[in-house]
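>>> A predicted structure for the sequence below; I have some questions about it.
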Amino acid sequence: MVVQQSLVIIKPDGLVKSLTGNIITALSETKLKIVGAKILKVSRELAEKHYEHLKSKPFFNELIDYIMGKYHTDRVLALVYHGEEAINKIREICGATNPEEASPISIRGKYGRINSKTKVFENVIHASDTEENAKREIQLWFSPSELTEIIYPIKTEFLTSPKLVWA
Ligand code: TYD
């Protein structure tokens, strides 16, 4: 059994449908630990990097609009789950990409739909599908200081860039 981390995103439709509690409860069945969590607005740059493997697909622009919140709300909840076999355990509970093909008791099967106008699968949750993608996605969405457990190599950098602080 290998310890893994997985990036979970409760997408804008998940937030607008008030599914955060249901989804976190469903995922708690895995007994995995949440080691990072934040609510954020997804920038175009982040959205396009996250979905770069789908760049050539006909639904790419609508997919970017969807994750940036054009159809629901402009926020997502990003979480990092940590523990043995985290990736497959979470994917199993999420269900298949297409909500119409997902098991009816999975998160996507229960709460997802296909948008009849855009044809995008509004499947309420993202979860990393491989170890390679989990690493890429966690490093894209989180900095090491935002996680309470770290499994990928880190280094210290001394930065002097401006940042917002409380006035
Ligand atoms: P993908 O990375 O293939 O699947 P998953 O999210 O299960 O890892 O696709 C990313 C998202 O793109 C998917 O969650 C919903 C959307 N999508 C569509 O709208 N239509 C499609 O035909 C596919 C394959 C994906």
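Nice, I can see it.
>>> now do the helices in the chain.
Here the chain has its helices, by DSSP state H, at 12-16, 20-28, 44-50, 60-68, 86-94, 107-111, 131-141.
>>> so which of these is nearest the ligand?
Among those, the nearest to the ligand by Cβ to the nearest ligand atom is helix 60-68 (5.0 Å). Where you see a C-beta, it was placed from the backbone N, CA and C, and this is true even at glycine.
>>> does stretch 66-83 reach the ligand?
No: under the criterion of Cβ under 6 Å from any ligand atom, stretch 66-83 makes no contact with the ligand; the nearest approach is 7.7 Å.
>>> for that stretch, how far is the first residue from the last?
30 Å (Cα to Cα, to the nearest Å).
>>> try stretch 157-167
End-to-end distance (Cα to Cα), stretch 157-167: 26 Å.
>>> let's test this: mean pLDDT of it, rounded?
For stretch 157-167, the mean per-residue pLDDT is 92.
>>> likewise for stretch 8-24?
Here stretch 8-24 scores 98 as its mean pLDDT.
>>> which other residues reach that stretch?
27, 66-69, 71-81, 90, 107, 111, 122-128, 141 (Cβ atoms under 8 Å, 6 or more residues apart in numbering).
>>> hmm, that stretch touching the ligand?
No: applying Cβ under 6 Å from any ligand atom, one finds stretch 8-24 separated from the ligand by no less than 8.1 Å.
>>> list the buried residues of that stretch.
Judged by neighbour count (16 or more other Cβ atoms under 10 Å), stretch 8-24 contains these buried residues: Val8, Ile9, Ile10, Lys11, Pro12, Asp13, Gly14, Leu15, Lys17, Leu19, Asn22, Ile23.
>>> and which of these is nearest to Phe158?
Nearest to Phe158 among the buried residues of stretch 8-24, counting by Cβ to Cβ, is Ile9 at 31.0 Å.
>>> how close does the closest one sit to Leu140?
Ile9 sits at a distance of 11 Å from Leu140 (criterion: Cβ to Cβ, to the nearest Å).
>>> circling back: and the contacts of stretch 8-24, which are buried?
The neighbour count (16+ other Cβ under 10 Å) marks 27, 66-69, 71-72, 76-81, 90, 107, 111, 122-128, 141 as buried among the contacts of stretch 8-24.
>>> against the ligand, how distant is Ser128?
Here Ser128 is placed at a distance of 8 Å from the ligand (Cβ to the nearest ligand atom, to the nearest Å).
>>> same check on Lys70?
14 Å.
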